[in-house]
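*Asks:* below are the sequence and a predicted model; questions follow.
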Amino acid sequence: MKIYNTISRQIEEFVPHEAGKVSMYTCGPTVYNFAHIGNLRTYIMEDVLEKALRYLGYDVKRVMNITDIGHLSDDADSGEDKMLLGAKRERKTVRELAAFYTDAFFADCKKLNIKRPDVVQPATGLVDEFIRVIAALEEKGFAYKAGGNVYFDTSKVRQYHVFFNFKEDDLEVGVREGVEEDENKRNKNDFVLWFTKSKFEDQALKWDSPWGVGYPGWHIECSCIAMKNLGETLDIHCGGIDNVFPHHTNEIAQSEAYLGHPWCKYWFHVLHLNTDKGKMSKSAGGFLTLSKLEEGGAAPMQYRFFCLQSHYRNSLVFAEDTFANAQNAYNKLKARALALPREGDVDQAAFAKYRAAFADALSADLNTSLAVTAVYDVLKDKALNGATKRALIEDFDRVLSLDLLKEEAPAASEANAEIEAMIAARTAAKKAKNYAEADRIRSELAAMGVTLTDTPNGTTYTVRK
Ligand code: AMP
Ligand code: ZN
């Protein structure tokens with residue numbers, strides 16, 4: 001497989017450190033709010049990457065963290081903890097908030113056919129390990145105490161800006177407009193490994209440590225969770241493009257300082273989903289969630305299809321007309337696949353030929369739009385019988401995961417009295433403006449495999465078979 005590596009800024013042949021095996025790490029969500037469809041774009045493309053690697057024969061182990069502590073509202077270590085802000089907003093404890101939005105995230109992933117990583121590790125579950133690694137960094141001279149916090153000393157690493165040749169002056173992270181400079185930092189890119197003092201004394205979750213009672217910084221979470229579960233050499237690390245700096249830059253600095261050798265070879269970044277007004281972001285509010293798309297009548301698979309139509313290294317604008325086109329195209333494609341007759345035996349030679357073309361598309365820096373085109377090529381080949389076409393589409397869907405051959409059953413009314421009662425309760429809750437209850441019922445139905453579509457004439461539903 002050939003893949004673009006952000007660190008070399010080139011498309012490279014992917015060669016994992018152990019033949020046939022891939023260790024893969026993904027930065028997970030910060031669970032202070034619903035994931036927006038931009039976050040979900042990143043997770044869809046990472047899911048395709050994982051499945052493509054498996055399709056090409058690799059044995060993949062994938063690990064993801066859940067950021068439930070330490071991610072401040074500004075990446076430069078100032079501002080309030082995002083989790084704390086969310087807890088205040090929703091009058092929940094931080095733990096309740098994390099549990100709620102972690103479940104909501106995986107419910108969205110399930111609807112989008114995003115496979116759950118092999119290991120999912122909430123940061124709050126591994127604090128002892130963070131403390132152990134921070135202590136080792138301190139011992140090796142890479143960390144210093146100042147003003148009650150422990151900082152990573154970026155001047156001690158040979159090369160800090162590993163991704164791009166940044167001009168230092170352009171990166172005054174600590175003094176970004178509107179952000180107060182942290183006077184404890186020896187160098188402007190230094191970052192907090194352990195907080196015992198922040199401007200916000202009401203941090204909800206704290207742990208005892210050699211430096212006092214406090215909590216970990218965001219960056220150390222990912223390094224430790226990756227190293228603990230995937231060992232000292234990581235093959236590929238993924239995230240959205242905004243993670244490049246400072247998050248991934250800091251991950252590399254501290255991991256390599258700790259290990260004393262190179263850590264991760266390939267860095268995979270998904271470009272952003274934007275609205276016509278700019279980047280979609282959770283903190284800016286007013287963002288689109290998968291549930292909002294569904295309330296507008298869209299199916300999650302239509303959004304997955306929309307994402308697969310463009311390359312992960314291009315930013316993607318979510319606009320009503322382009323999304324509507326994708327919805328129509330998906331419906332037509334699925335209808336064509338479902339209409340395929342089952343007759344005949346699978347033509348093995350043709351199967352191998354198309355499979356190779358599909359694998360080539362994936363191997364060409366994960367060219368998902370070309371991979372989708374392979375489905376159309378199969379459909380329109382008059383020389384192929386129905387059985388061969390079905391077998392190929394089923395095979396491709398191991399990676400695309402678009403449910404192209406999955407029959408959606410329009411639910412029979414009397415057998416589904418319970419579902420209909422729940423839908424009626426949801427409609428009543430919406431009418432009473434009790435949106436939390438309405439959302440809860442929708443999630444419960446989703447967990448039962450029921451997808452709702454709100455139309456001007458009421459709510460219709462389909463049940464996953
Ligand atoms: P967060 O929950 O904020 O930690 O972000 C989760 C993931 O979504 C990270 O990998 C981010 O880089 C990614 N991300 C954030 N905003 C966008 C966006 N507008 N489009 C695509 N990915 C994004
Ligand atoms: Zn991370």
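*Replies:* That came in fine, so what should we check first? Numbering: from 1, shown residues only. Ligands and ions are numbered 1, 2, ... in the order given.
*Asks:* and whichever residue of the stretch 51-200 of the chain sits closest to ligand 1, how close does it get to Leu126?
*Replies:* Using CB to the nearest ligand atom, the closest approach of the stretch 51-200 of the chain to ligand 1 is made by Thr67 at 5.8 Å. For glycine as for every other residue, the C-beta is placed from the backbone atoms N, C-alpha and C. Relative to Leu126, Thr67 is positioned 12 Å away (CB to CB, to the nearest Å).
*Asks:* and the residue lying closest to Thr93 once chain neighbours are set aside, how many neighbours does it have?
*Replies:* Sequence neighbours aside, Ala87 is the residue nearest to Thr93 in space, at 6.2 Å (criterion: CB to CB, 6 or more residues apart in numbering). When neighbours are defined as other CB atoms under 10 Å, Ala87 has 19 of them.
*Asks:* so Ala87 sits against Leu97, correct?
*Replies:* Yes - Ala87 is within contact range of Leu97, at 4.8 Å (criterion: CB atoms under 8 Å).
*Asks:* identify the contacts common to those two.
*Replies:* Jointly contacting Ala87 and Leu97 under the rule CB atoms under 8 Å, 6 or more residues apart in numbering are Tyr32.
*Asks:* just checking, next helix/strand downstream of the one helix or strand in the chain whose mean pLDDT sits lowest?
*Replies:* Using mean pLDDT, DSSP states H and E, the weakest-scoring helix or strand in the chain turns out to be strand 409-410, at a mean of 64. Per DSSP states H and E, strand 409-410 leads on to helix 417-431 as the next helix or strand towards the C-terminus.
*Asks:* what mean pLDDT does that next one have?
*Replies:* Mean pLDDT, computed over helix 417-431, is 90.
*Asks:* repeat for stretch 147-157
*Replies:* Mean per-residue pLDDT for stretch 147-157: 95.
*Asks:* please save the CA atoms from that stretch in CSV.
*Replies:* Extracted C-alpha coordinates of stretch 147-157, given in CSV (Å, rounded to 0.1, in the frame of the first residue of the first chain):
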residue,chain,number,x,y,z
GLY,A,147,4.6,27.2,39.3
GLY,A,148,3.2,23.9,40.6
ASN,A,149,3.0,22.3,37.2
VAL,A,150,5.3,19.9,35.4
TYR,A,151,6.4,21.0,31.9
PHE,A,152,8.0,19.2,29.0
ASP,A,153,11.2,21.0,28.0
THR,A,154,11.1,21.2,24.2
SER,A,155,14.6,22.7,24.0
LYS,A,156,16.0,19.3,25.1
VAL,A,157,14.8,17.5,22.0
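*Asks:* tell me where the stretch 201-350 of the chain has strands.
*Replies:* All strands of the stretch 201-350 of the chain, identified by DSSP state E, counting those that start in this stretch, fall at 215-216, 234-240, 264-270, 273-275, 278-279, 316-317.
*Asks:* of those, which shows the lowest average pLDDT?
*Replies:* Looking at the strands of the stretch 201-350 of the chain, the bottom one is strand 278-279 with a mean of 77.
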